[in-house]
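*Asks:* Predicted coordinates and the sequence they were generated for:
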Amino acid sequence: MNNPVSSHGDAATSADEGAGRQLLLVTGLSGAGKTTVLHALEDAGWETVDNLPVPLLGELAGFGSGSNIPLAVGIDARTRGFNPADLLSSPAGERNPPATLFLTCEDGELIRRFNVTRRRHPLAQDRSLAEGIAAERELLAPLANEADEVIDTTGLTQVDLQQLVRERYHGSGAAPMIVTITSFGFARGMPPVADLLFDVRFLANPHWVDGLREQTGQDAMVGDYVASDPAFAPAFSHIAGLVETLLPFYRAQGRSYLNVALGCTGGKHRSVFTAERLANHLRKRGFSPTVRHRNLALPEPARPAVASEEHAVASQV
């Protein structure tokens, strides 16, 4: 399917167009993706209500009319009091009539979806699934013909549909993706949640340097020591570049949270400094990461006095 979206009118399709509070009715065939659309709109900064009884629609549209937060209402054949003719009469009032988004899908794909979810079609209580879909398609034909926008979800995955909705109905209050950068020590185990994990144990370890052992990666002397390692600059450039490149792609996939973890042996020197440096790098590029140092408040795990010949040499420098 080349273009799953078609427009029938000139209604605004973003939260910052038009006057007053934007209202959107999300309707269509059962199984075509109404719940997915409402979740995507909510993530994009909309207020959403699902299966509101039709007689209450006018009251809801008037509630909070001074708000600039757009409102989406999900209504379909499952909704109590559902009647396409009522929706076509602009129940929200003449002053601020809602736009309508209609979701459609081919019969074969709807049958497949209902067989996968094993949910009962609302119009197939005493008839076959195919007959129920046909009856609903006929019932909703007036809405489909009058809708401001129609999305055919036949060839769309759930992620595809979410992305399409975010692009076309962007909310002015859309929440940015929450990025957390965590430093940790492998000696106490890896963090349970990490989308991107980097091991910085290849860097010279301040633990084996007198005067630095008691300090942390938040102290200038430790930072200078770690940054002076010839491997730090090129490695950090690659790490920061990769994270910066991937963030927009994670966001495009609908991710609300992203966890980046950096680990060293004890979680107090190299990983702490690198995490702080990475956070500063991302802030300069418009992101707002939160930094968490998992092991700074914990007692350091027991280690041998000299872990290897390499460390013995380093301790004498």
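*Replies:* Looks like it arrived, so ask away.
*Asks:* for stretch 244-262, which positions count as buried?
*Replies:* For stretch 244-262, the neighbour count (16 or more other Cβ atoms under 10 Å) marks 247, 250-251, 254, 258-262 as buried. No exception for glycine: its C-beta is placed from N, CA and C like everyone else's.
*Asks:* and those residues, which two are the farthest apart?
*Replies:* Put simply, by Cβ to Cβ the two of the buried residues of stretch 244-262 set farthest apart are 254 and 262, 25.1 Å from each other.
*Asks:* Starting from the stretch of helix or strand residue 150 belongs to, tell me which strands it pairs with and how they run.
*Replies:* If you go by DSSP states H and E, residue 150 is part of strand 149-152. Within its sheet, and counting by DSSP bridges, strand 149-152 is paired with strand 5-7 (antiparallel), strand 99-104 (parallel).
*Asks:* So what's the gap between that strand and the chain middle?
*Replies:* Per Cα atoms, centre = their mean, to the nearest Å, the displacement of strand 149-152 from the mean C-alpha position of its chain is 23 Å.
*Asks:* Could you do stretch 287-301 as well?
*Replies:* The chain centroid and the centroid of stretch 287-301 are separated by 24 Å under Cα atoms, centre = their mean.
*Asks:* any idea where the helices of the stretch 101-250 of the chain begin and end?
*Replies:* Secondary structure of the stretch 101-250 of the chain (DSSP state H, counting those that start in this stretch): helices at 107-117, 129-146, 158-168, 220-227, 232-252.
*Asks:* And those helices: which comes nearest residue 42?
*Replies:* If we rank the helices of the stretch 101-250 of the chain by Cβ to Cβ, the stretch that ends up nearest is helix 158-168, at 10.3 Å.
*Asks:* could you dump that closest one to PDB, C-alpha only?
*Replies:* The C-alpha coordinates for helix 158-168 follow below in PDB (Å, rounded to 0.1, in the frame of the first residue of the first chain):
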ATOM      1  CA  GLN A 158       1.700  -1.300  15.300                       C
ATOM      2  CA  VAL A 159       5.000   0.700  15.300                       C
ATOM      3  CA  ASP A 160       4.200   2.000  11.800                       C
ATOM      4  CA  LEU A 161       0.800   3.300  12.900                       C
ATOM      5  CA  GLN A 162       2.200   4.900  16.000                       C
ATOM      6  CA  GLN A 163       4.800   6.700  14.000                       C
ATOM      7  CA  LEU A 164       2.300   7.900  11.400                       C
ATOM      8  CA  VAL A 165       0.000   9.300  14.100                       C
ATOM      9  CA  ARG A 166       2.800  11.100  15.800                       C
ATOM     10  CA  GLU A 167       3.900  12.700  12.600                       C
ATOM     11  CA  ARG A 168       0.400  13.900  11.600                       C
END
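*Asks:* Show me what it is packed against.
*Replies:* Contact analysis of helix 158-168 by 3 or more Cβ pairs under 8 Å, 6 or more residues apart in numbering; DSSP states H and E lists helix 34-43, strand 149-152 as its packing neighbours.
*Asks:* Looking at the shortest one now, give me its mean pLDDT.
*Replies:* What strand 149-152 shows for mean pLDDT is 93.
*Asks:* again with stretch 74-84
*Replies:* Taken as a whole, stretch 74-84 has a mean pLDDT of 76.
*Asks:* which residues touch residue 226?
*Replies:* The neighbours of residue 226, taking Cβ atoms under 8 Å, 6 or more residues apart in numbering as the test, are 203-204, 206, 217, 232, 269-270, 273-274.
*Asks:* How is the chain divided into domains?
*Replies:* When the chain is parsed into structural domains using automatic domain parsing, the resulting residue ranges are 5-168, 178-316.
*Asks:* rank those domains by mean pLDDT and give me the bottom one.
*Replies:* domain 5-168 - the lowest mean pLDDT of the domains of the chain, at a mean of 79.
*Asks:* I'd assumed residue 163 was in contact with residue 252.
*Replies:* Yes: under the contact definition of Cβ atoms under 8 Å, residue 252 touches residue 163, with a separation of 6.2 Å.
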